[in-house]
Every structure is written in C-alpha cells, then in structure tokens.
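Engineer: Coordinates for the following, if possible.
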Amino acid sequence: STRIFTKTKDDNKTPGLNEFTRDLTGEAADGKLDPLVGRDTEIERLIEILCRRTKNNPVLIGEAGVGKTAIIEGLAQRIVDRSVPSFLENKRVLSLDLSSIVAGTKYRGQFEERLKKIITELRENSENIVFIDEIHTLVGAGSAEGTLDAANILKPALSRGEIQCIGATTPSEYRKSVEKDRALERRFQAVKVLPPNEEDALTIIKGVVERYEAFHQLRYSAEALEAAVVQSNRYIPERFLPDKAIDVLDEAGARAKLRYQQEHPAEPSWKETVENWKRAAANEDQLLSLELRSIEDSFISVEVTKDDVDEVIARWTGVPVSTVKLEEGEKLLNIEDELHQRVVSQRRAISALARAVRRSRAGLKNPNKPVGSFLFLGPTGVGKTEVARTLAEYLFGSERVLIRFDMSEFMEKHAVAKFIGSPPGYIGHDEGGQLTERLRRSPYSVVLFDEIEKAHPDVFNILLQVFEDGILTDAQGNTVDCKNAIFIMTSNIGARFIQKRGNVGFQTGADTSREKMEEQVLSQVKQTFAPEFINRLDEIIIFEELTNEDLTAIIELQLASLNKILKKQSRELKMSPEAAAWLIEKTCADRSYGARPLKRAIQKYIEDEISEALIRGELAEFSTITINASPAGLSFDAQPQPVTDEQVAR
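Structural biologist: Coordinates of the predicted model:
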C-alpha cells in the first residue's frame, strides 16, 4: 500500500523525547524497518488494548527471539500505512532507551528530573506512544537511598491514563520483576507472544529474506530456507524461532559470499554500477525499475544452498547434520565394526547401541525422548564404561563430550541438588546443577552414570522425567533439552550369576544357560529398581564374562596402542602366542575382575621392562623387540630393523 504518513516531530516541543527515544514510525515511513510477516493475532490484540479508555498499556511477554520488537515495528508500519483504527491514525511509536537516561546522571535527582521531563512531554503530546523494551529494567532503575526508581515515577501517569506505554519482556523477567510489584502489574495488560511453528516461521523468513539477499548480494534457495527452519529447530533447542533460523541464514549468506570472493578475487565489483543505475532510475517509470532488477539478478551468481546451512549448524553445534549421504550411510551401517576396533566382544550391547544411533541419525526416533537410555549390566572390567567412551568418540569426535558421574557420590538425599542445583535460599543456588549445566552447554553428549545402583532413590525420580519427556528442570525452573543425548547407566547387579554361568556343570546347553542367567539377572534388577524406572529404559543389556579369546584380542589392542608410542621412537614390539597365553594364565585367578588384571600385568611385565631398558640405553633405534615365554617368565629379544632411506633422512 502507498505510504501517506508525512507528519514530522516538532523538535522544540519534545526535546527530551528527541534525545532519549527513537521514532519507529519515522523509520517505517523511510522504509528502514524489516517487514513484519504474520503475527496478525498479536497486533490485533495490541491495537485493542491501545484503544481502551483505561489501562491501555499492553506488555508483550515472550521468550528472546520470538519477535516481540518486530511486532512493535509492525504496528509502526501499520500506522504509517493507515491500516489502523482512526484512534491510532496520528499516533507515533517512540522507542525509549532507558540506559541513556541513566547514563551521565552524576548527582541525586538528575535521573528523576530527566524522566519527569519525558513524562511531561508525553502528557502534553498525547499522539506519542512510548515503547520500553526490556520493561523489567524499570524496576530499580535510577534508584538510590531515599529516591524513587523509574517504575514508581511512571506509575501515577500510567494509572491516570495520561501517557500510553507498550512494554516487552521475557516470562522469567516479568515474573521476577513486574509481577512482584502488584501496583505496576495492574497498570499493564499482558499479551503473550509464543514462538511460531515451523510452517509459520518459514512464511516469516520468506517475507524478510529479500533484505538479506540485498545485503549479502546473493540468492537463497528454497531448500536453504526450509533447512534453516527445520535444522535450527531440531539442533538448537535452547533458542527460539524465527530468530535462530534467521541467524543461521545470515551466517550462511556471509560464508557463501566470502567463499565466492576467495574463489574469484580478480572479479570486478558490480555494486557501484548498480547503485549508479538505481540513482539514475529513481525518477523514472516502473518499467525501468523492472529492467534494473533483471540486470541486477544477472550479476548475482552466488546462491546459498542447503549444504551451506548444514555447515553453519554443524559449526554451531559440533554435530554433522547434513542429509545422510552415501559415505555417512556406509559409516552408520558399519558402526558395529567401528566400535569393535576398540571394544572386544559384547556384540549384543554394541548392536543395541548401533540401532539407536541409526534411528536417531535417520530421524526416526521419538522426537520427545533422548536418543537412547540403556542399562549396562555385567561384572567389573568387561567393557561397560569403554563402550560409552568409544561411542562418544565415534559420534562426536572426542571423548570430552562424555559426561561421567560416579554415582557413589550421590548416595545421600541432599546430593540430588548436585544434579539440578540447590533450591532457593541455599548456597550455590545461582550456580546451577552439574548435569543441567553440562547438558545445556553440550546437548549432544553421552551421559554415563557409573554404578547407578549406589545412587539415592530420589535420583531415579529425576531421571524418570529425562527418559520419558527428554527434558530436565533445574532448581531455577529452567528446562534443559535432553533429546539429543544418550544416557548409559552401568551396574554390577547380577554379576555373580553371569560369572556362575561360566562354571563347569552349571547347565548342559549354552542357550539354556544364557536364558537362565538372564532370568536371574533381570529378577535381581526388578528387586533393585522401581518398575516405572525399568519401564522407561530402551534396553537392558547384559555384558558377558570375557573368554580367553577375548583376552587375547585385548592383548593385541594393548600391544597396538603401545606400538603407536614406540613407532615414534623408531622401535616395534611383537609378541608370540606363547607370551600372550602366559599373560592370560598369570591373571586367570583374577578372572572375576575382567580385563583390568590383564592390563595391570601388561604394565608390570612388559611396559616396566621396556621402560627400564630404554633408560639404560639397551634398546637401539630401528630395532624390533620380540616377547617370548620361557619357564622363568617372559624374555625380550631386540634385533635391528633394516633402515630405509626415508628413515635415515628423517
């Protein structure tokens, strides 16, 4: 529609407003504000409140990024376009900067004097509507001993209807600041601004994308717009639409533009030429403007694609979110082989984890639950914790994303506060909880609760909420998204039944033996944990006792790890099958402790011997150390390697 709003402010009548406010209607008339798409319901509610006789002061309440300020700018654009009732036709929306009023007030009474001056100007010029963003800052602003804050200075003018004010704040700040002051709250009418759904957010973005295309001098594909909404909503749950999707598109545009300039450094800039044409065509007809647009489009060859959006999301979250490509699909299909490179045996456990990961990456998991919640049962030292570490490194590239809790530290009732934070009035209330804060910073993590059976029963009550709804509420009332985490709990419950299965004469058939063992272990689990807790687990996985073949494979893994270190020193370590069998026999009495005694034996009989020989200078460079077994123990034979030209040069 044609803009016919031409009224200007009288600088002599409102010097205070000119200094401390920004004229949104003036900016709308100049075309400086982004267009508002949607939000018709909120604007209609806003207009209804502004047209009331009393208590005509609306306050927009919504989370950061949902578009509260954009709604006010949309109101200013409607006033400019004369798309409002006659009562609002000549109104002006002025955005008040409260911090600039406080700034520079050295002496007592200066702040009150400035604010009173603004209130007087608003009272004498009733066509002005003042907009205060972050209105909760009124409470306490400018106050000192024996003086009033901004909220108390504004109350009389608001209650008498002498000025009109629009506020905006978040639900938590409104609850903490405005609701406590009942006299201030009753002077405002709340308008709730909820985040738009994905469909509405996409419509909003399509309405503002032209501004970003003009700024970055490129085009956004339809797939990129849709991906920005869907991917940001899935992978950035702590922020709100449409703000997060617009930020993703903005950064994707910057990345695409910089990449294009690096690939075409010598290409002349066309922007100045287009600007000259625009100035020349400013007073010409519409046909020339259309021709200019087509010429401008022909110059713009950069397009932001879905891959650019995926790259931005991946940088923000640290998780690859691109569509399941062929190479990633092959990797996901072979996840069992990837994990078995570090974890010996336990194929049932790894298979269950792999299925959960594939469901998540393919987008088929329940969107309101975590990626997976598993209970690992088995004797000590069989690889329960190692599976969690390996999974964290495989999915997220580092073991640092593994959030580990030793549940022996949560045996007391009051220890629950460590998870979600101390309740109000207690020391550490503002610091948050260990679990909630770490999940808030790293929502894509593997959370390991080691020896879960030692935790206090109240801990399980907290975990019920996590496993069922994928959220966790901390002591301050903030919700933490847990839908992108994997929860693994380990326990030694029923370990004696697993170890007993290996005894001779326990059962004649292997299948019958395992079925009876699982039945006994699960019976023990049901006696330990509440039914509602067990019912929320995705799977209970029983780790079997390690066999001699498993222990031999563990020796090979340990040897490979040791060779990585020795290779840097131009040395290599080999072990005969007899030496491996000797180590296993040496630790067979401690079989109930799993692989840990074997690792300690490798340290004692191999690493200690080699380190002493290195310090004594008995192992020359470019040598191969062979370990053999003898009646007296292990023997070490070092032989020189054939030296290549590359090794000599190095």
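Engineer: Just give the closest residue to Glu226, not the sequence neighbours.
Structural biologist: Leaving aside its sequence neighbours, Glu226 sits nearest to Leu202 (CB to CB, 6 or more residues apart in numbering; 6.2 Å). Where you see a C-beta, it was placed from the backbone N, CA and C, and this is true even at glycine.
Engineer: May I ask you to confirm that that neighbour is in contact with Ala224?
Structural biologist: No - using CB atoms under 8 Å, Leu202 is not in contact with Ala224, being 11.3 Å away.
Engineer: okay, the two: which has more neighbours?
Structural biologist: Neighbour count, other CB atoms under 10 Å: between Leu202 and Ala224, Ala224 has more, with 24 against 20.
Engineer: give the contact list for the more buried one.
Structural biologist: Contacts for Ala224 (CB atoms under 8 Å, 6 or more residues apart in numbering) come out as Leu249, Ala252, Val304, Thr305, Lys306, Asp308, Val309.
Engineer: Also Leu138?
Structural biologist: Neighbours of Leu138 in contact, by CB under 8 Å, 6+ apart: Leu98, Ile132, Asp149, Ala150, Ala151, Leu154, Leu184.
Engineer: To which secondary structure element is the second one assigned?
Structural biologist: Looking back up the chat, that one is Ile132. Secondary structure assigned from DSSP states H and E places Ile132 in strand 128-133.
Engineer: and that strand, what does it pack onto?
Structural biologist: Packed against strand 128-133 by the contact rule (3 or more CB pairs under 8 Å, 6 or more residues apart in numbering; DSSP states H and E) you find helix 68-80, strand 92-96, helix 110-124, strand 164-169.
Engineer: wait, which of the ones you listed is closest to Lys369?
Structural biologist: For Lys369, the closest of the helices and strands packed on strand 128-133 is helix 68-80, at 31.5 Å, according to CB to CB.
Engineer: can you pull the buried residues of the closest one?
Structural biologist: For helix 68-80, a neighbour-count test (16 or more other CB atoms under 10 Å) marks Lys68, Ala70, Ile71, Ile72, Glu73, Gly74, Leu75, Ala76, Gln77, Arg78, Ile79, Val80 as buried.
Engineer: cool, stretch 557-566 as well?
Structural biologist: Residues of stretch 557-566 classed as buried: Gln558, Leu559, Leu562, Leu566 (neighbour count, 16+ other CB under 10 Å).
Engineer: quick one on the thing from earlier: partners of the strand holding Ile132, with directions?
Structural biologist: strand 92-96 (parallel), strand 164-169 (parallel) (DSSP bridges).
Engineer: Format the contacts of Ala224 as a markdown table; extra columns: secondary structure.
Structural biologist: Converted to a markdown table, the contacts of Ala224 look like this (DSSP: H, G, I helix; E, B strand; the rest coil):
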| residue | secondary structure |
| --- | --- |
| Leu249 | helix |
| Ala252 | helix |
| Val304 | strand |
| Thr305 | coil |
| Lys306 | helix |
| Asp308 | helix |
| Val309 | helix |
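Engineer: Give the next helix or strand downstream of the helix or strand harbouring the residue nearest to Glu226.
Structural biologist: Assessed by DSSP H and E, Leu202 sits inside helix 198-216. Toward the C-terminus, helix 198-216 is succeeded by strand 219-220 as the next helix or strand (DSSP H and E).
Engineer: what residue ranges in the stretch 551-650 of the chain score low on pLDDT?
Structural biologist: 588-595, 641-650 (pLDDT under 70).
Engineer: Check the gap between Ile542 and Arg389 for me.
Structural biologist: 20 Å (CB to CB, to the nearest Å).
Engineer: hang on, the earlier thing: for Ile615, find the nearest of the helices and strands packed on strand 128-133.
Structural biologist: For the helices and strands packed on strand 128-133, proximity to Ile615 was assessed by CB to CB; strand 164-169 is nearest, at 67.6 Å.
Engineer: all helices of the stretch 551-650 of the chain, in order?
Structural biologist: Assigned by DSSP state H, counting those that start in this stretch, the stretch 551-650 of the chain shows helices spanning 577-586, 596-602, 608-616, 645-649.
Engineer: Using TSV, lay out the ones you listed together with distance to Glu451 and mean neighbour count.
Structural biologist: What follows is these, written out as TSV (distance: least, CB to CB, whole Å; neighbours: other CB atoms under 10 Å):
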stretch	distance to Glu451	mean neighbour count
helix 577-586	27	17
helix 596-602	15	18
helix 608-616	30	12
helix 645-649	48	8
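Engineer: of all these, which lies closest to Glu113?
Structural biologist: With CB to CB as the criterion, Glu113 lies closest to helix 596-602 of those, at 75.0 Å.
Engineer: which two in the contacts of Leu138 are spaced the farthest apart?
Structural biologist: So, these by CB to CB: farthest apart are Leu98 and Leu184, at 14.6 Å.
Engineer: quick check, nearest of the buried residues of helix 68-80 to Gly470?
Structural biologist: For the buried residues of helix 68-80, the nearest to Gly470 is Lys68 (27.2 Å; CB to CB).
Engineer: wait, isn't the closest one in contact with Ala168?
Structural biologist: Yes - judged on CB under 8 Å, Lys68 makes contact with Ala168 at a distance of 4.3 Å.
Engineer: if we can go back for a sec, among Leu98 and Leu184, which residue is more densely surrounded?
Structural biologist: The neighbour count for Leu98 versus Leu184, taken as other CB under 10 Å, is higher for Leu184 (22 against 18).
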